[in-house]
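[1] fold the following and give me the result.
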Amino acid sequence: MRLIPVLLILASLTGCVSLEQRKATFARSLDIHVGKSSDDLVLAKGPPSRSFKLSTGARLFEYFTSQTVVRGGDSYTTFQPVYVPSASGGSWISVPTQQATPVSSYAYSCKILFKVSPANIVESWSSSGNGCY
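    Next up, the predicted model:
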């Protein structure tokens, strides 16, 4: 019977993914495009947000995403202790009160650049932003 709580804790931890694991998964998802044609890249990821031609004849394909996440604004009930005086000395009672969580917004973005050779082969990639993985 003592094993059940331990199993429940272990089962809940299996859903947690570390930052390093997310970074590795993200890198693997982009590494698969290196060495393939730029046509394959566009077919897999869609058209780039922007593209740039370099003086060497190579090109940069930029993929940019952004989102704003709003959290909070929920309400919940707590109980506030209140002292009620009386002729016999008074007593404490719990009075329900409504509380609210503050509203917060978070902006996330990710820019991925693929360098494509003059022969239309993806040579490398780089990323920047707080919403890539």
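
[2] Val95 versus the residue in the chain sticking out farthest from the centre, what's the distance?
    Relative to the centre of the chain, the most outlying C-alpha is that of Ala87, 58.7 Å out, by C-alpha atoms, centre = their mean. The gap separating Ala87 from Val95 is 21 Å, by C-beta to C-beta, to the nearest Å. Just so you know, the C-beta spots here come from the backbone N, C-alpha and C atoms, and that holds for glycine as well.

[3] got it, and Ser49?
    For Ser49, the distance to Val95 equals 55 Å [C-beta to C-beta].

[4] okay, and the helix or strand of this structure with the least pLDDT?
    Least confident helix or strand, the chain: helix 3-13 with a mean of 50, by mean pLDDT, DSSP states H and E.

[5] what packs against the host helix or strand of Leu41?
    Leu41 is part of helix 38-45, with elements assigned from DSSP states H and E. The helices and strands touching helix 38-45, judged by 3 or more C-beta pairs under 8 Å, 6 or more residues apart in numbering; DSSP states H and E, are strand 59-71, strand 104-116, strand 122-128.

[6] repeat the analysis, applying 10 Å as the threshold.
    Judged by 3 or more C-beta pairs under 10 Å, 6 or more residues apart in numbering; DSSP states H and E, helix 38-45 is in contact with helix 19-31, strand 59-71, strand 104-116, strand 122-128.
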